[in-house]
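Asker: 3D model of this:
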Amino acid sequence: MSAQTITDHGFLGTSGGWIVDSTGQPVLLRGGDFRGYHFGDQGLWKTSHSEHDYQNFRSWGFNVVRLLISWSKIEPKKGVYDDRYLAYVDRDIQWARKNGVYIVLDMHQWNWNAKWGGNGAPDWAVIQYPATKQGQLMAVMNFWQNTSLRVSFVNMWKHVAQRYANESTIAGYDILNEPWVQMFDDSVISEPKQWAIIENFYEEAIHGIRSVDSNHIIFVEPYKPDFSTLHPLNVSNLVWSPHFYPYVYDYYGKPYSQYNVSILEKYLKGYYDKFVVEFKQPIWIGEFGIDMWVIGSGSWVSDSVQLFAKYQVGWAWWAYWKSDDPTTDMYLLAQDGSPRWLILQFLVHPSLTPS
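Answerer: Residues are numbered from 1 along each chain as shown. Purely as a prediction, here's the structure:
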């Protein structure tokens, strides 16, 4: 079965190991993660995204944007939803639709809350915890153990899903970014039990979303690169969305060369064999990237993209944003907003760019 890569009308769904359009034709989603709405305030939201960004995506042959949003911004007060915030998301959806680009809504978290230098959970959910590493661990463990907090999270997602239930520009919903990171004390809870907790959380969230929206794909992120304890989630229109950073952090700063490609393929094949072959469910790489100061970083990007093509797997580059230092980071734009071809040369898909 060959996979088309041009976005089509109608809702996306799944069929076996493929993401498909409304006619059943496979679709490879390839694009980038768009930052900005998961942190900051209205001043940033008003200026950080524009239609020009979506024109960039289309001109590069991208057909998907993983759009980062935040629980803390949607529900700044317990049980109170800020639709003014979601109005900014509405703008992006309009721009995406106009330019033939799908959106995956990613409920992003990183370091859980601003108290620990990150984002994601609202302040009211962590107010009782100190701004220390131990406080962070306590706050996150409270989320996993506190039914009331998880109910709030699910209700927040229901509010979002109900708003966008009939919007086919949205490919689907990524329930929570990297739910395993800094979430558990391994000495207290074993890894199999950790996955059981996350799996139960996924089931709660999926049930809540499906109660108001049966149209969209659900994207779930598998627990850590070592997923030997995973088993299928028996949910329709479900896509596993691992992140792909092999070599990047395992050998941080060490030069990459073509002789290391076997490391990348072993990592990707592990995902493919587990999810596509064994589970018969699709995978989509929700994040991948490397700091461009690493010697051989261009080869890492080129090798990764070629492997994704070999296994017919879609992806999103981390990330679409303006670079703080054009010699080092992963961002696709220079500080002046111009494209960074140092990276883009490996990502652009001529077959999808306008003639």
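
Asker: any idea what sits nearest W144, other than its immediate chain neighbours?
Answerer: I197 (5.2 Å; C-beta to C-beta, 6 or more residues apart in numbering). In short, each C-beta sits where N, CA and C put it, glycine included.

Asker: Actually, L264.
Answerer: That would be P246: by C-beta to C-beta, 6+ apart, it lies 5.3 Å from L264.

Asker: Strands along the chain, start to end?
Answerer: Secondary structure of the chain by DSSP state E: the strands cover 13-15, 18-20, 30-34, 64-69, 102-107, 170-174, 217-220, 238-240, 243-244, 284-288, 314-320.

Asker: Any chance of the ones you listed in TSV with distance to V276 as columns?
Answerer: As requested, the strands of the chain are exported to TSV (distance: least, C-beta to C-beta, whole Å):
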stretch	distance to V276
strand 13-15	11
strand 18-20	9
strand 30-34	17
strand 64-69	19
strand 102-107	19
strand 170-174	17
strand 217-220	15
strand 238-240	9
strand 243-244	15
strand 284-288	11
strand 314-320	12
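
Asker: want to try JSON lines for these, with mean neighbour count as columns?
Answerer: Output for the strands of the chain, formatted as JSON lines (neighbours: other C-beta atoms under 10 Å):
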{"stretch": "strand 13-15", "mean neighbour count": "18"}
{"stretch": "strand 18-20", "mean neighbour count": "21"}
{"stretch": "strand 30-34", "mean neighbour count": "25"}
{"stretch": "strand 64-69", "mean neighbour count": "26"}
{"stretch": "strand 102-107", "mean neighbour count": "25"}
{"stretch": "strand 170-174", "mean neighbour count": "26"}
{"stretch": "strand 217-220", "mean neighbour count": "24"}
{"stretch": "strand 238-240", "mean neighbour count": "23"}
{"stretch": "strand 243-244", "mean neighbour count": "20"}
{"stretch": "strand 284-288", "mean neighbour count": "24"}
{"stretch": "strand 314-320", "mean neighbour count": "24"}
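
Asker: Please convert those strands to TSV, extending it with mean pLDDT and distance to S211.
Answerer: Formatted as TSV, the strands of the chain follow (pLDDT from 0 to 100; distance: least, C-beta to C-beta, whole Å):
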stretch	mean pLDDT	distance to S211
strand 13-15	98	18
strand 18-20	98	23
strand 30-34	98	28
strand 64-69	98	20
strand 102-107	98	17
strand 170-174	98	13
strand 217-220	98	13
strand 238-240	98	16
strand 243-244	96	28
strand 284-288	98	24
strand 314-320	98	28
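
Asker: of all the ones you listed, which lies closest to S190?
Answerer: Nearest to S190, of all the strands of the chain, is strand 217-220, at 20.9 Å by C-beta to C-beta.

Asker: Report the central residue of this structure.
Answerer: G286 (4.1 Å; C-alpha atoms, centre = their mean).

Asker: Could you check the helix ranked longest in the chain and say which residues are buried?
Answerer: Assignment by DSSP state H gives helix 191-210 as the longest helix of the chain. Residues 191, 194-195, 197-199, 201-202, 204-206, 208-210 are the ones in helix 191-210 that count as buried (16 or more other C-beta atoms under 10 Å).

Asker: Repeat that for stretch 163-181.
Answerer: Here stretch 163-181 shows 163-164, 167-181 as buried, counting by 16+ other C-beta under 10 Å.

Asker: if we can go back for a sec, I'd say the residue nearest to W144 and I189 touch.
Answerer: Yes: judged on C-beta atoms under 8 Å, I197 makes contact with I189 at a distance of 7.5 Å.

Asker: Contacts made by the longest helix of the chain with the rest, please.
Answerer: 144, 150, 153-155, 157-158, 161, 173, 175-176, 179-180, 183-184, 186, 189, 216, 218, 220, 223-224, 226-227, 229-230, 233, 235, 238 (C-beta atoms under 8 Å, 6 or more residues apart in numbering).

Asker: When you filter those down to buried only, what's left?
Answerer: 144, 150, 153-154, 157-158, 161, 173, 175-176, 179-180, 183-184, 216, 218, 220, 223-224, 227, 230, 233, 238.

Asker: Out of those residues, name the ones that lie in helices.
Answerer: Short answer: those in helices (DSSP H) are W144, R150, F153, V154, W157, K158, A161.

Asker: Tell me the one among the residues you listed nearest to S48.
Answerer: W157 (23.6 Å).

Asker: I'd like the distance between that closest one and L233.
Answerer: 16 Å (C-beta to C-beta, to the nearest Å).

Asker: now do K46
Answerer: Taken as C-beta to C-beta, the span from K46 to L233 is 38 Å.

Asker: so where is the stretch 51-200 of the chain shaky, pLDDT-wise?
Answerer: 181-182, 184-185 (pLDDT under 70).

Asker: Measure how buried I127 is and give me the count.
Answerer: 10 (other C-beta atoms under 10 Å).

Asker: can you give me phi and psi for it?
Answerer: phi -60, psi -30 (degrees, to the nearest 10).

Asker: hang on, isn't the residue nearest to the centre of the chain packed against V104?
Answerer: Yes: using C-beta under 8 Å, G286 makes contact with V104 at a distance of 7.4 Å.

Asker: Overlap of the contact sets of these two?
Answerer: In contact with both G286 and V104: R66, D174, F219, A316, using C-beta under 8 Å, 6+ apart.

Asker: for the residues you listed, which one is nearest D303?
Answerer: For the shared contacts of G286 and V104, the nearest to D303 is A316 (17.4 Å; C-beta to C-beta).
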